[in-house]
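1. give me the fold of what follows.
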Amino acid sequence: MRKLLLWGTLISMVVLMVFGSATAALGACLGCPDWPLCYGSLLPPEQNFAMLEYIHRVLAALTSVFVAGATVLAVRRYRGTFLIEAGIWLAIFLVAQILIGGLTVILKMPFWVSISHALFALLTILTATLMLKWADNPPDRLVWAGDRDGRLSTILFALVFLQILLGTTVRKAQAGFACGQDIFLCLGQPWTGDVMLQVIHRLMGYVIFGLSLYFIFRADNKKWFVFISLLVLLTGIFGALSAYSMLSPTMVTTHYTLAILTLILLFWRSIR
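-> Model (predicted):
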């Protein structure tokens, strides 16, 4: 039963983040111009953008139920282990994410508030991942994997974490169109301002892919890093398609979903 609860917590968070990405890609983040109500009502008006934002809030409420259950589970079952701390932090991160999300709406999406919202979303999903992995045998502290593959996975995890935040920065700075339909390195344009931000994001992607390929030859479990390399490549392809399609919501959301999946898998392998 506890595994089912923790799986539900993680899956609900992934769905919430992916739907949030889709909502942003469709330009519906302010579909409800007020918070916590929507146009002053508990139910949204019959408008597409309002419905999208309202569904996002409903998913956040559903996720909150799972998180409350996971926190209660941690307090009752995992006393004396790291999971009790993780359960409490999970609740704190989610509450912070929800409140900052509300602040984003009230203040009309200021840059740093939006970035903080994305950061707490990542911290929440990583904490849920940790709790699920250690549900059967929790340690008394955070323990990173000490084997070769674990260390290599940790390096990629850190880079992918930074890359997702960088990608969020590109989106929030409205730099997604900076290079037009150029899917490589914005050649022919001066690398300044928004273009430079986009170039850094793309260069980081090339570095992550290159390292994932290199780690195939350094790893003990080569199949694991072949899989990760393919996942990174697929993420990059949809990133290129996002640029070529001029930020098609489908391409952008798929790109983000693959990045989140890569992050979760690398974190899972990075901890003991």
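2. do me a favour and get the end-to-end distance for stretch 179-190?
-> Stretch 179-190 has an end-to-end distance of 10 Å (criterion: C-alpha to C-alpha, to the nearest Å).
3. buried stuff in it?
-> Neighbour-count burial for stretch 179-190 flags Cys179, Asp182, Ile183, Cys186, Gln189 (criterion: 16 or more other C-beta atoms under 10 Å). The way it works is simple: take the backbone N, C-alpha and C, and place the C-beta from them, glycine included.
4. ok, now stretch 137-147?
-> For stretch 137-147, by 16+ other C-beta under 10 Å, it's Pro138, Ala145.
5. of all the buried residues of stretch 179-190, which two lie farthest apart?
-> Spatially, the most separated pair among the buried residues of stretch 179-190 is Ile183 and Gln189, at 13.3 Å (C-beta to C-beta).
6. ok, Phe267 touching Leu123?
-> No. Taking contacts as C-beta atoms under 8 Å, Phe267 lies outside contact range of Leu123: 11.2 Å.
7. more neighbours: those two, which one.
-> Phe267 (22 against 18; other C-beta atoms under 10 Å).
8. per-residue pLDDT, that one?
-> Here the pLDDT value assigned to Phe267 is 97.
9. swap in Ile237?
-> pLDDT at Ile237 comes out at 94.
10. distance of it relative to Thr254?
-> Distance of Ile237 to Thr254, computed by C-beta to C-beta, to the nearest Å: 10 Å.
11. who has more neighbours out of those two?
-> When Ile237 and Thr254 are compared for neighbours, Thr254 comes out ahead with 21 against 15, by other C-beta under 10 Å.
12. name the residues that touch stretch 240-250?
-> The contact list for stretch 240-250, computed with C-beta atoms under 8 Å, 6 or more residues apart in numbering, reads 22, 25-26, 176-177, 179-183, 251-252, 255.
13. now, which of these sits nearest Asn48?
-> When those are compared against Asn48 (criterion: C-beta to C-beta), the nearest one is Leu26, at 8.3 Å.
14. from memory that closest one sits against Leu52, does it?
-> Yes. Counting by C-beta under 8 Å, Leu52 is a contact partner of Leu26 at 6.4 Å.
15. for the stretch 51-200 of the chain, what spans make up the helices?
-> Secondary structure of the stretch 51-200 of the chain (DSSP state H, counting those that start in this stretch): helices at 82-106, 111-133, 148-172, 193-218.
16. coming back round to it: may I see the buried residues of stretch 179-190 arranged in a markdown table, with distance to Leu73 and pLDDT as well?
-> Output for the buried residues of stretch 179-190, formatted as a markdown table (distance: C-beta to C-beta, whole Å; pLDDT from 0 to 100):
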| residue | distance to Leu73 | pLDDT |
| --- | --- | --- |
| Cys179 | 46 | 77 |
| Asp182 | 49 | 74 |
| Ile183 | 45 | 73 |
| Cys186 | 48 | 80 |
| Gln189 | 52 | 74 |
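17. so what's the closest residue to Gln189 other than its chain neighbours up against?
-> Nearest non-adjacent residue to Gln189, counting by C-beta to C-beta, 6 or more residues apart in numbering: Val195, 5.3 Å away. Val195 makes contact with Ala175, Ala178, Cys179, Cys186, Gln189 under the criterion C-beta under 8 Å, 6+ apart.
18. now Val195: how far from Val170?
-> Distance, Val195 to Val170, using C-beta to C-beta: 11 Å.
19. sorry, back to before: so which of the buried residues of stretch 179-190 comes closest to Lys223?
-> Nearest to Lys223 out of the buried residues of stretch 179-190 is Ile183 (C-beta to C-beta; 29.2 Å).
20. can you tell me the element the closest residue to that closest one other than its chain neighbours falls in?
-> The spatially closest residue to Ile183, leaving aside those adjacent along the chain, is Ala240, at 4.0 Å (C-beta to C-beta, 6+ apart). Assigned by DSSP states H and E, Ala240 belongs to helix 222-244.
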